[in-house]
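>>> need a structure here:
(one chain, ligands or ions: 1)
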Amino acid sequence: MATERFFDFKSLDEIRSEAARLGVGISFEEKLEAVFRPVKIADRTIGNSMGIHPMEGCDGTLEGKPDELTVRRWRRFGEGGAKLIWGEATAVVPEGLANPRQLLINEENLKSIAELVRVARSAHVERYGTDSDLLVGLQLTHSGRYSYRRPLIAYHHPQADKVTYLDKAKSVRIPADYPVMSDDDLERLEDAYVAAARRTYKAGFDFIDIKQCHTYLLNELLGARTRPGKYGGDFEGRTRFIRNVLGKIRAELGNSVLIASRVNAFDGVPFAKDPKTGVGVPIPFELPYRHSFGVDQNDPLKEDLSEPIELIRLMRSHGVSMINVSMGSPYYNMHYGRPFERSPDDGYYTPEHPLIGVARHFRITGAIQKAFPDLVVVGTGYSWLRQFLLNAGEWNLRNGRVTVVATGRGAIAYPDYAHDAKKYGTLQHSRVCLAISYCTNLMRAKNNELGQYPAGCVPRDEVYTAVYKEFLVSRGKPHSAKARP
Ligand SMILES: Cc1cc2nc3c(=O)[nH]c(=O)nc-3n(C[C@H](O)[C@H](O)[C@H](O)COP(=O)(O)O)c2cc1C
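Residues are numbered from 1 along each chain as shown. Model prediction:
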């Protein structure tokens, strides 16, 4: 498995037969039609069914304002032709920043963050003549145990604690007596979300995303069965934070604001690298498994969607109009969230064929869409499919398994994939994401006082080919990296 090359398909028939061999239930349509269908989202209509997922580039200033590369990315997304731009993770408080270069939404940064919407919109108008059918949002986040200043945890997760660094440089993990965030901390944070929401709309964004995915704080709260007090324990306690935040936002900002949420429908269990084979293996756990969200407590390698579906029902009753379905943790089981061809340097060889990971995304998203046929459900996990991603999206759309097909890594490699789909009826294979994790390597590499390297597509974007060379030189490695023609 470790050295295998997975993606080796020249035609739809070749990838179809691999999907059939694996029995994963992914199908592909030849002709693209449904991806060009407009989608109604609350009182707005977007011009097609394609989107761009939140993709931070770790390229803000040290104050949390967008910098040159941030603006460049948003311009490219605006030009791209996808009608749903789901803006990147932006911290609501400084202690919740995931890295020193993440955006931070506060009063001082508001004007420059507003510039991102302006840039994306004007690039869109320049190319398509109008932006009236474009929706641009911003993801509001608190990074919880992955906050870079110090981990802020909702509860002690026995496996996740083993792989969460208290001090990465010294390889020190979370000790058993490490304090958890108090109920008062969380209550104050609810108000910080409301303030951030107010600012985001003021900056001109069409919607906010209350991020509850990828094992950051609000996602962690959803699985906090062992947390005592009002924010843990049963489903009611674990959803108290999101209910309070939604209630407070509505009370302060009214019913007309558009609210979305990116949710982990399946956290999975933490994996670590097997020292002998290098393949990812689950960190040993006991049954019943009482941690994480969306997992079957008797077999946590499988999803149990009953609580995620209840959560979505609850959010809808609080006026949430759009759900972006995701899964897993980029820190400890990234084959779930981002099926990959080659792992990041600090990762492991994939324990499953990436098509199985893609199929898990489609299966779970499909089940959620079937449970809420009239909800706008945005799907994830498409990028590994390269030039065939929209053919799979087309099938999912036609079969009521998703409402908007969006790409993450695929969009930094090929921001104008939607434009090309319309123009050529297909994607250019020379521009697609190769899922070989350079973007993740860059965002995780320390760069002295600058925090870390900016993340972008090394094989497809020469700006990041150059950044990667610089990174290799700084590590005393030969620099053979070249942008692919
Ligand atoms: C460099 C990088 C930055 C990302 N930034 C975010 C982010 O800000 N917010 C978020 O929810 N997900 C983020 N993700 C995850 C992607 O949005 C997406 O869920 C993931 O890459 C899987 O989708 P894909 O197969 O289309 O890439 C990031 C992923 C990468 C590789």
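>>> Contacts for the helix or strand hosting Glu236 next, please.
For Glu236, the host element (DSSP states H and E) is helix 235-238. Outside of helix 235-238, the residues within contact range by C-beta atoms under 8 Å, 6 or more residues apart in numbering are 221-225, 227, 229-232, 307, 310. (Each C-beta comes from the backbone N, C-alpha and C, glycine too.)
>>> For the ligand, tell me which of those residues show up nearby.
Near the ligand, taking C-beta under 6 Å from any ligand atom as the test, no member of those is found.
>>> Looking at these, which are in strands?
Among those, none falls in strands (DSSP state E).
>>> Filter these down to the buried ones.
221-225, 227, 231-232, 307 (16 or more other C-beta atoms under 10 Å).
>>> Let me have those in a markdown table, extended by pLDDT.
Formatted as a markdown table, the buried ones among the contacts of helix 235-238 follow (pLDDT from 0 to 100):
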| residue | pLDDT |
| --- | --- |
| Leu221 | 98 |
| Leu222 | 98 |
| Gly223 | 98 |
| Ala224 | 98 |
| Arg225 | 98 |
| Arg227 | 98 |
| Tyr231 | 98 |
| Gly232 | 98 |
| Glu307 | 98 |
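>>> Could you tell me which residues of the stretch 51-200 of the chain lie near the ligand?
Applying C-beta under 6 Å from any ligand atom, we find that the stretch 51-200 of the chain lies next to the ligand at 53-56, 88-89, 139.
>>> Among the residues you listed, which lie within strands?
Using DSSP E, those in strands are 88-89, 139.
>>> Which of those sits closest to Pro179?
Among those, Ala89 lies closest to Pro179 (C-beta to C-beta), at 24.7 Å.
>>> still on that earlier bit, next, give me the two most distant ones among the contacts of helix 235-238.
Gly229 and Glu310 (21.0 Å).
>>> can you list the weak-confidence ranges in the stretch 351-485 of the chain?
The model of the stretch 351-485 of the chain has pLDDT under 70 over residues 478-485.
>>> What are the boundaries of the strands in it?
Under the criterion DSSP state E, counting those that start in this stretch, the stretch 351-485 of the chain contains strands at 376-379, 404-407.
>>> nearest to the ligand, of these?
strand 404-407 (4.2 Å; C-beta to the nearest ligand atom).
>>> need the strands for the stretch 151-300 of the chain, in chain order.
Using DSSP E, counting those that start in this stretch, strands in the stretch 151-300 of the chain cover 165-167, 172-173, 207-210, 258-266, 271-273, 280-282, 295-296, 299-303.
>>> how about the fourth one against the ligand, any contact?
Right, strand 258-266. Yes: against the ligand, strand 258-266 shows contacts by C-beta under 6 Å from any ligand atom at Arg262.
>>> So what's the gap between that strand and the chain middle?
The chain centroid and the centroid of strand 258-266 are separated by 10 Å under C-alpha atoms, centre = their mean, to the nearest Å.
>>> Only alpha carbons, please: show it as CSV.
Output of strand 258-266 as CSV, limited to C-alpha atoms (Å, rounded to 0.1, in the frame of the first residue of the first chain):
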residue,chain,number,x,y,z
LEU,A,258,-27.5,34.4,6.1
ILE,A,259,-25.9,31.8,8.4
ALA,A,260,-24.1,28.6,7.4
SER,A,261,-22.0,26.0,9.1
ARG,A,262,-19.3,23.7,8.1
VAL,A,263,-19.8,20.6,10.2
ASN,A,264,-17.9,17.4,10.8
ALA,A,265,-20.5,14.7,10.2
PHE,A,266,-17.8,12.1,11.2
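>>> Could you number the chain from 119 rather than 1 from now on?
Sounds good: first residue 119 from here, last item strand 376-384.
>>> Taking their axis directions, that strand and strand 417-421 sit at what angle?
Following axes from the mean of the first three to the mean of the last three C-alpha atoms, to 10 degrees, one obtains 140 degrees for the angle between strand 376-384 and strand 417-421.
>>> Now do strand 376-384: which elements does it pack against?
strand 253-259, strand 325-328, helix 335-340, helix 358-371, helix 424-435, strand 438-445, helix 472-489 (3 or more C-beta pairs under 8 Å, 6 or more residues apart in numbering; DSSP states H and E).
>>> again, but for the last one
Of the remaining helices and strands, those touching strand 417-421 by 3+ C-beta pairs under 8 Å, 6+ apart are strand 413-414.
>>> do the same with the second one
Contacts of strand 290-291 with other secondary structure elements, assessed using 3+ C-beta pairs under 8 Å, 6+ apart, are made with strand 283-285.
>>> what's around the closest residue to Thr163 other than its chain neighbours, how many residues?
In space, not counting the residues next to it along the chain, Thr163 is nearest to Pro156; the distance is 5.2 Å by C-beta to C-beta, 6 or more residues apart in numbering. Number of residues near Pro156 (other C-beta atoms under 10 Å) recorded here: 12.
>>> For the most centrally placed residue in the chain, which residues are in contact?
Residue closest to the mean C-alpha point of the chain, counted by C-alpha atoms, centre = their mean, is Pro172 at 5.8 Å. Residues in contact with Pro172, defined by C-beta under 8 Å, 6+ apart, are 204-207, 257, 327, 380, 526.
>>> Burial check on Asp131, number of neighbours?
Other residues near Asp131 come to 11 when the count uses other C-beta under 10 Å.
>>> got a list of contacts for the helix or strand of the chain with the lowest mean pLDDT?
Every helix and strand of the chain was ranked by mean pLDDT, DSSP states H and E. The lowest is strand 283-285, at a mean of 86. Residues outside strand 283-285 that contact it (C-beta under 8 Å, 6+ apart) are 268-269, 289-293, 296.
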